[in-house]
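Student: only geometry, no sequence info:
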């Protein structure tokens, strides 16, 4: 009974704070986008190494009353870049990974986001990688850009489902990220984001405070194996899906590692 009352009070607080949070989200994103545009225009080399996006992500999640817990960081080596593969069910996924993983990282984003004032302009000026919604896979230009980045020891984050899941269930993976890993010789790391879709599901603007857990899997390095892309895709899918199903099965914040 006490848990139900506590949950009810929490929801009331989230409802009251929603207008303030939305205003602060816009403000934080506006300020950080302007700083990013200035950084890329006038201080390209220094700014590109600053990982300013992690500061934006921390501020954004703090405004939303969201904490990120991460497990598996010890599996990542210093000085090594990776192709990160993650599930995608919420707008909170990207800032959650930025906060969880302290590595130079670039994302692959939909080009239509460049239409958003300030934030979209920042994306356009940045070395993040744009893809067209119409593309069923990687264009040659996108592939070359991503390959260049990862060979410069910058990790690249992919959401191979291509879009946010409506119900939190894992969708079919596209092959682009796995082909990139095969060509670059870099290991793949599966990442499971748990809880983001509960705090901000697709199609909703109501942000709930709470906790997001980010699980980092073992590296997958099969670059010398025939049909690497298919095998790496299957291994990544199965590991991420097992984490999602485990969360659904136990229905609790305490998720086994």
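Tutor: Received it, and whenever you're ready, just let me know what you need. Not measured: the values here are computed from a predicted model.
Student: how far does stretch 27-46 sit from its chain's centre?
Tutor: Relative to its chain's centre, stretch 27-46 lies at 20 Å (C-alpha atoms, centre = their mean, to the nearest Å).
Student: so what does residue 220 have for phi and psi?
Tutor: Phi and psi for residue 220, reported as degrees, to the nearest 10, are phi -110, psi 110.
Student: check contacts around residue 173.
Tutor: Going by C-beta atoms under 8 Å, 6 or more residues apart in numbering, residue 173 touches 85, 160, 161, 233, 236, 237. In this view, the C-beta of every residue, glycine as well, is placed from N, C-alpha and C.
Student: that one and residue 160, how far apart?
Tutor: Per C-beta to C-beta, to the nearest Å, residue 173 is found 4 Å from residue 160.
Student: next one: residue 182
Tutor: Residue 182 is 14 Å from residue 160, where distance means C-beta to C-beta.
Student: between the two, which is the more surrounded one?
Tutor: Using other C-beta atoms under 10 Å, the more surrounded residue of residue 182 and residue 160 is residue 160, with 22 against 19.
Student: elements contacting the strand or helix carrying residue 20?
Tutor: Assigned by DSSP states H and E, residue 20 falls within helix 2-42. Here helix 2-42 touches helix 44-48, helix 52-64, helix 119-125, going by 3 or more C-beta pairs under 8 Å, 6 or more residues apart in numbering; DSSP states H and E.
Student: middle-most residue in the chain, spatially?
Tutor: residue 94 (3.0 Å; C-alpha atoms, centre = their mean).
Student: quick one, what contacts that one?
Tutor: Counting by C-beta under 8 Å, 6+ apart, residue 94 has contacts 57, 107, 157.
Student: the second one should be in a helix, yeah?
Tutor: No: with DSSP: H, G, I helix; E, B strand; the rest coil as the criterion, residue 107 is strand rather than part of a helix.
Student: beta partners for it?
Tutor: Assessed by DSSP bridges, residue 107 has beta-bridge partners residue 157.
Student: can you give me every residue that contacts it?
Tutor: Residues in contact with residue 107 (C-beta under 8 Å, 6+ apart) are 94, 128, 129, 156, 157.
Student: narrow those residues to those that are buried.
Tutor: 94, 128, 129, 156, 157 (16 or more other C-beta atoms under 10 Å).
Student: and which of those residues is nearest residue 68?
Tutor: Nearest to residue 68 out of the buried ones among the contacts of residue 107 is residue 94 (C-beta to C-beta; 11.8 Å).
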